[in-house]
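>>> the sequence and its predicted three-dimensional model are supplied below.
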Amino acid sequence: MIYQKLGKTEVNIPVLGQGTWKYGENKHEAKEEIKALRFGIENGMTLIDTAEEYAKGGAERIVGEAIQDCRKDIFLTTKVSAENCSYQGVIEAAEASLERLKTTYIDLYLQHWPSAEHEIEETMRAMGYLVEKGLVKYIGVSNFTPELIEEAQAVLGNHLLACNQVGYHLNDRRIENNILPYCQGKGITVMAYSPFGYAPSFFGNQGFPQPGTKERAVLDGIASKYEKTAYQLALNWILRQEGLVTIPKAKTINHIKNNLEALGWKLSSDDAAQMESLFPKPQEGLPLQMF
Ligand SMILES: NC(=O)c1ccc[n+]([C@@H]2O[C@H](COP(=O)([O-])OP(=O)(O)OC[C@H]3O[C@@H](n4cnc5c(N)ncnc54)[C@H](OP(=O)(O)O)[C@@H]3O)[C@@H](O)[C@H]2O)c1
């Protein structure tokens, strides 16, 4: 595994973690999901991302099961939903997450989305309280623009925001225009979600370029030079960015094995440039979206 510092902290986190959206939705899949997470953990993917929102707490329960005997080796990230971002709401949400995760602390607690309903001042004050109580180690946000990060940081004072989790993949490079350079400049880790483009976005729910498309043929061609798959190529391309980690989600052990092999080799600048001309950077940055 390759590690890098979280924000301006002294903590090292793996550059490749495990997402858990869609985990915990079907109780018949629980065993397989726990097995998949544990396989990833045993192979160094000890950064685990979940959220109270995923399967209404179901994903956190699966994670809680999977990390029972190795909690201290895990860097655990979970998120408070935008609707729970009042002062009291954040504290209660964190306590409920801790119970589902069967742990006494969250390593990194994120505000999942900017809230249209609750003042950022309240949310961040509650985040600070959770750190002071020892229930949370580091504070972060998700889907935040630079302007909103500035507002959050102003409330947090001495508690430095360590991370902004945002969508980033070949088909959606908008963060390169605003969030990525801002966070790199401030020493805030960017945690790239949906590295294969599976979550719905402003560009639609695209998924990964399918076999038979021109885009996929080019990706397959470049990947074959390195004896890799197009998915591994996509992850390796994402991880070229400084100060960034990513959290692909996979329920299949083969997919996890595959993703691990996205590390340990270097994409040439020429090949990266060819990929980037196929998936050009749009004009705009990631806009503010509130829930
Ligand atoms: N903060 C936010 O607002 C936000 C939003 C979206 C996502 N997230 C986080 O980011 C994580 C990742 O994003 P995501 O779940 O949207 O999608 P993703 O990681 O881009 O893609 C997941 C899909 O890719 C498949 N896959 C994984 N590895 C593969 C491989 N090597 N080859 C072929 N297919 C592969 C998975 O299949 P299998 O599962 O069948 O193996 C799954 O269908 C989430 O799980 C969540 O933790 C955060």
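It's in.
>>> was I right about Met275 contacting Arg240?
No - look at Met275 against Arg240 with Cβ atoms under 8 Å: they stay out of range, at 10.2 Å. C-betas here are computed from N, CA, C, even on glycine.
>>> okay, buried residues for stretch 135-150 please.
135-146, 148-149 (16 or more other Cβ atoms under 10 Å).
>>> how about the strands in the protein?
3-5, 12-14, 18-19, 47-49, 75-80, 106-111, 136-142, 161-167, 189-193, 244-246 (DSSP state E).
>>> need these in TSV (columns: mean pLDDT and distance to Gly221).
Below are the strands of the chain laid out as TSV (pLDDT from 0 to 100; distance: least, Cβ to Cβ, whole Å):
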stretch	mean pLDDT	distance to Gly221
strand 3-5	98	30
strand 12-14	98	29
strand 18-19	98	28
strand 47-49	98	31
strand 75-80	98	35
strand 106-111	98	37
strand 136-142	98	34
strand 161-167	97	26
strand 189-193	98	24
strand 244-246	98	23
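>>> CSV for those strands, including distance to Tyr129?
Putting the strands of the chain into CSV (distance: least, Cβ to Cβ, whole Å) gives the following:
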stretch, distance to Tyr129
strand 3-5, 25
strand 12-14, 24
strand 18-19, 28
strand 47-49, 23
strand 75-80, 13
strand 106-111, 11
strand 136-142, 9
strand 161-167, 15
strand 189-193, 23
strand 244-246, 27
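>>> quick one: closest of these to the ligand.
strand 18-19 (2.3 Å; Cβ to the nearest ligand atom).
>>> for the stretch 51-200 of the chain, which residues are neighbours of the ligand?
Applying Cβ under 6 Å from any ligand atom, we find that the stretch 51-200 of the chain lies next to the ligand at His112, Ser142, Asn143, Gln165, Tyr193, Ser194, Pro195, Phe196, Gly197, Tyr198, Ala199.
>>> Met275 and Arg240 - which one has more neighbours?
Met275 (18 against 11; other Cβ atoms under 10 Å).
>>> ok, the more buried one - contacts?
Residues near Met275 by Cβ atoms under 8 Å, 6 or more residues apart in numbering: Leu170, Val218, Leu219, Ile222, Leu233, Trp237.
>>> pull the most distant pair out of these.
Val218 and Trp237 (12.4 Å; Cβ to Cβ).
>>> higher neighbour count, the two?
Trp237 (21 against 17).
>>> separation between the residue lying closest to Leu108 once chain neighbours are set aside and Tyr138?
Leaving aside its chain neighbours, Leu108 sits nearest to Thr77 (4.3 Å; criterion: Cβ to Cβ, 6 or more residues apart in numbering). For Thr77, the distance to Tyr138 equals 9 Å [Cβ to Cβ, to the nearest Å].
>>> give the residues shared as contacts by those two.
Contacts common to Thr77 and Tyr138, judged by Cβ under 8 Å, 6+ apart, are Asp107, Leu108, Tyr109, Cys163.
>>> from the residues you listed, which is closest to Gly7?
Once Cβ to Cβ is applied, the member of those that ends up nearest Gly7 is Cys163, at 6.1 Å.
>>> and the closest one, what is it in contact with?
Leu6, Gly7, Thr77, Leu108, Leu110, Tyr138, Gly140, Val141, Ile188, Thr189, Val190, Met191.
>>> again, but for Val90
Val80, Asn84, Glu122, Thr123, Ala126, Met127, Leu130.
>>> can you rerun that using 6 Å?
Val80, Thr123, Ala126 (Cβ atoms under 6 Å, 6 or more residues apart in numbering).
>>> ok, the second one touching Glu83?
No - taking Cβ atoms under 6 Å as the definition, Thr123 is not a contact partner of Glu83, at 11.4 Å.
>>> for Gly187, give its distance to the ligand.
20 Å (Cβ to the nearest ligand atom, to the nearest Å).
>>> hmm, I typed the wrong one, I wanted Asp69.
In terms of Cβ to the nearest ligand atom, Asp69 sits 22 Å off from the ligand.
>>> what of Phe144?
Taking Cβ to the nearest ligand atom, one finds Phe144 at 10 Å from the ligand.
>>> and the pLDDT for that residue?
Per-residue pLDDT puts Phe144 at 98.
>>> now Gln289
Residue-level pLDDT assigned to Gln289 equals 89.
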